[in-house]
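Turn this into a model:
(2 chains, ligands or ions: 2)
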Amino acid sequence: MTTVLESLNSALHTALETDPRVYVLGEDILDPYGGAFKITRGLSTRFPERVLTTPISEAAIMGICNGMALRGLRPVAEVMFGDFVTLMADQLINHAAKFRWMYNDQVRVPLVLRLPMGGRRGYGPTHSQSLEKHLLGAPGLKAVAPNSLGSPADLLLAAIADDDPVLFVEHKLLYTRPLLEEKDLLDWKVSDSGGAYPTFTLRTSNIEASHLTIATYGYNFELAREAARELMYEYEIFSEIVLFSQLSPFELNPLFDSLRRTGRLLTLEEGAATLGWGAEVAARTAEQGPSEVRIRRLGARDLPIANAKSLEDAILPSVQDIIQTARILLEK
Amino acid sequence: MTTNLDLYRCMYLIRQFEERALAEFSTGKLFGTTHAYIGQEADAAALFAALGPDDVIFSNHRCHGHFLAYGGDPYRLAAELMGRATGLVGGRGGSQHIHWRNFYSNGIQGGIVPVATGIGLAEKAKASGAISVVFLGDGTLGEGALYESINIASLWQIPVLYVVENNRYAQTTPTELAVAGSMADRFKAFGIETWEAASSDVLTLLPVAREAVDHARSGGPAACILHTYRFSAHSKGDDPRDPAEIAKIRVEHDPLTIHAPRIDSVARASVEAEIDALIDDAFTRAANDPFPTLNVE
Ligand SMILES: Cc1ncc(C[n+]2csc(CCOP(=O)(O)OP(=O)(O)O)c2C)c(N)n1
Ligand SMILES: [Mg+2]
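Ligands and ions are numbered 1, 2, ... in the order given. Have a look, this model is predicted:
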């Protein structure tokens, strides 16, 4: 059994091993600590020259990665909590995202920023957010998110091999999750769009006409599966799940294929729903997708994320929220 | 006038609160995380003895000691840590995001520094006579917003006191890996009057704190670099330091054992008993308080 954490850690080992241009930068990433979430464990022992622990200087970390990338290295930065990406926003939006196009495609900025996002650990308003939505619309930045179905290691290696800046959005609760095996997916028929950042489509086994499509990414795939199970057994509502690895730029054909079968879309994310990932998916579905799709978006409420569990649970989308929203979508 | 017993009471209160908070994690009553102030109590005791009742405090992730020295209620803080409706901010903030009267804290390193500088400017504009105080750790010297702020504070002569508590580590990173050059020179380079002390003795720190506070109150920015030690882990259990190193600093630099012999033992025992009861009451009462509910729509 491999966990998402082990998978990501192995990818960093592989990248440092196979490509001398790869550097890893971040706060508190040296052994024996190996980073706040242990994704960088073992790296500094094996590659002390290319694993650089930094002062608490997020803007400089990102800017230094920009410079390294511009001059041919392949830096992989870790921000300790994804919440602190706001301190890096200028370097991401006004520098990393701009250079290639602004310099008339004469340069490349091959860097990866790893972002541990997400709540449900009682860390409170500044350490629990899913802020990726604020960066998804920045032209020039790619965003991808690992999940328990595809290989997080392959996804991270693809991001490192990418010539453009890639935000690698990890959910903290995903780290300890095991990668799914065949026995975990008996209810499902899985297909894969291929490519470096694949989209997966999960269809209920032996069911031709499902009732709705849940579009999601990252950790929320875990909630989506749980909700789909309950919808099937308790309500005889059959779901397809379209699981995105690439959040931006948007590539929606696998989703549209699913919507042609179901006609109902539920988007699910942990960030606040307003102006979020799901909003763009919904808008593009309305503009370019099959006609007459009913749509509901589900995300966090438009509030900061509280520390108290009772409040945090009420603010973030839950399995019950998915079920309830799915049932609303199916009302006549 | 602050007495030796007052200073001891303050430091003992912080110590007992933090020990209890750490212990409550194993009972499951606390969740999330916490950053204990154990070992640094003399900093807060000295500074808050020098500050006035209207001064405005911005604290960081390691805020419990500052809050209790400010005069905050241990029960309301305990309730906040346990995510109860009766907590300082109704359970919304938790350990590092609290507010009461003129006391604020936030969990973003460095981000609070320009805010505190703006608070100083507001107090100056209102001619309130209050100063602004902001706490930062050695590691937070890495954040660029600090230098933008101290430049402006000096240019505009803002009554703000920057307190750097150098506990020699930022999480797991020793200062040697994170802070180049001199801490004090960073402030001096901007023309900011700077005090420095390396002691866990509250009586050594008190005059330093008074001078720095008085300077800020006279109108200009001031900095105070306090070299200290953190005895417990950074947060809950993340401490890769050598246990022998921690044991040694605990013996040599404990602000409580340094100060205790100056106080009559009977008076001390009675203060300790009083605070033990206070802390126990705070955590017991908080644990029985209701959880907050979300009121929306
Ligand atoms: C902008 C930002 N970056 C990183 C962190 C994570 N973090 C919390 S405390 C801490 C170490 C702070 O060290 P220091 O400033 O020395 O204060 P100490 O914990 O030693 O009191 C780090 C890296 C954060 N809260 N905010
Ligand atoms: Mg420190």
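
For B:Ala36, see how far away B:Leu47 is.
According to CB to CB, to the nearest Å, B:Leu47 stands 18 Å off from B:Ala36. Placement of C-beta: from N, CA and C, glycine included.

who has more neighbours, the two?
Comparing B:Leu47 with B:Ala36 by other CB atoms under 10 Å in any protein chain shown, the one with more neighbours is B:Leu47, at 28 against 24.

doesn't B:Val134 make contact with the more buried one?
No. Using CB atoms under 8 Å, B:Leu47 makes no contact with B:Val134, being 11.4 Å away.

Mutual contacts of these two, please.
B:Val163 (CB atoms under 8 Å, 6 or more residues apart in numbering or on different chains).

and stretch A:243-258, C-alpha only, in CSV?
Below are the C-alpha coordinates for stretch A:243-258, written out as CSV (Å, rounded to 0.1, in the frame of the first residue of the first chain):
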residue,chain,number,x,y,z
LEU,A,243,-11.9,13.8,-11.9
PHE,A,244,-9.6,16.5,-13.1
SER,A,245,-5.8,16.5,-12.6
GLN,A,246,-5.5,19.7,-14.5
LEU,A,247,-7.4,22.7,-13.1
SER,A,248,-6.2,25.3,-15.4
PRO,A,249,-6.1,25.8,-18.4
PHE,A,250,-9.5,24.2,-18.7
GLU,A,251,-9.8,21.1,-20.8
LEU,A,252,-13.4,20.0,-20.6
ASN,A,253,-14.1,17.4,-23.3
PRO,A,254,-14.2,14.4,-21.0
LEU,A,255,-16.7,16.3,-18.9
PHE,A,256,-18.8,17.2,-21.8
ASP,A,257,-18.8,13.5,-22.9
SER,A,258,-20.1,12.6,-19.5
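
Quick one: distance of it to the chain centre.
Mean-position distance between stretch A:243-258 and its chain equals 13 Å (CA atoms, centre = their mean, to the nearest Å).

Leaving out sequence neighbours, find the closest residue to residue 246.
Defaulting to chain A. Sequence neighbours aside, A:Tyr197 is the residue nearest to A:Gln246 in space, at 3.7 Å (criterion: CB to CB, 6 or more residues apart in numbering or on different chains).

try again with chain B
Closest to B:Ile246 by CB to CB, 6+ apart is B:Phe231, at 6.4 Å.

What is the burial count for the one you found?
B:Phe231 has 21 neighbouring residues, counting by other CB under 10 Å.

ok but it is inside a strand, no?
No. B:Phe231 is assigned coil when assessed by DSSP: H, G, I helix; E, B strand; the rest coil, not a strand.

That one and B:Ala50, how far apart?
Using CB to CB, B:Phe231 is found at 24 Å from B:Ala50.

likewise B:Pro114?
B:Pro114 sits at a distance of 24 Å from B:Ala50 (criterion: CB to CB).

Which one's more surrounded, these two?
The neighbour comparison of B:Pro114 against B:Ala50 (other CB under 10 Å) goes to B:Ala50, with 23 against 18.

Could you count how many residues lie near the residue in the stretch 151-297 of chain B that ligand 1 sits nearest to?
Nearest residue of the stretch 151-297 of chain B to ligand 1 (CB to the nearest ligand atom) works out as B:Ala170 at 3.2 Å. Using other CB under 10 Å, B:Ala170 has 24 neighbouring residues.

residue contacts, the residue of the stretch 151-300 of chain A found nearest ligand 1?
As assessed by CB to the nearest ligand atom, ligand 1 sits closest to A:Lys172 within the stretch 151-300 of chain A, at 13.6 Å. Counting by CB under 8 Å, 6+ apart, A:Lys172 touches A:Phe37, A:Pro116, A:Met117, A:Gly118, A:Arg121.

Which of those residues fall within strands?
A:Pro116, A:Met117 (DSSP state E).

Export the helix or strand that contains A:Asp321 to CSV, keeping only CA atoms.
Per DSSP states H and E, A:Asp321 falls inside helix A:319-330. C-alpha atoms of helix A:319-330 as CSV (Å, rounded to 0.1, in the frame of the first residue of the first chain):
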residue,chain,number,x,y,z
VAL,A,319,-20.7,14.3,1.9
GLN,A,320,-24.2,15.2,3.1
ASP,A,321,-24.1,18.5,1.2
ILE,A,322,-23.2,16.6,-2.0
ILE,A,323,-26.0,14.2,-1.5
GLN,A,324,-28.5,17.0,-0.9
THR,A,325,-27.3,19.0,-3.9
ALA,A,326,-27.5,15.9,-6.1
ARG,A,327,-31.0,15.3,-5.0
ILE,A,328,-32.0,18.9,-5.8
LEU,A,329,-30.5,18.4,-9.3
LEU,A,330,-32.7,15.4,-9.8
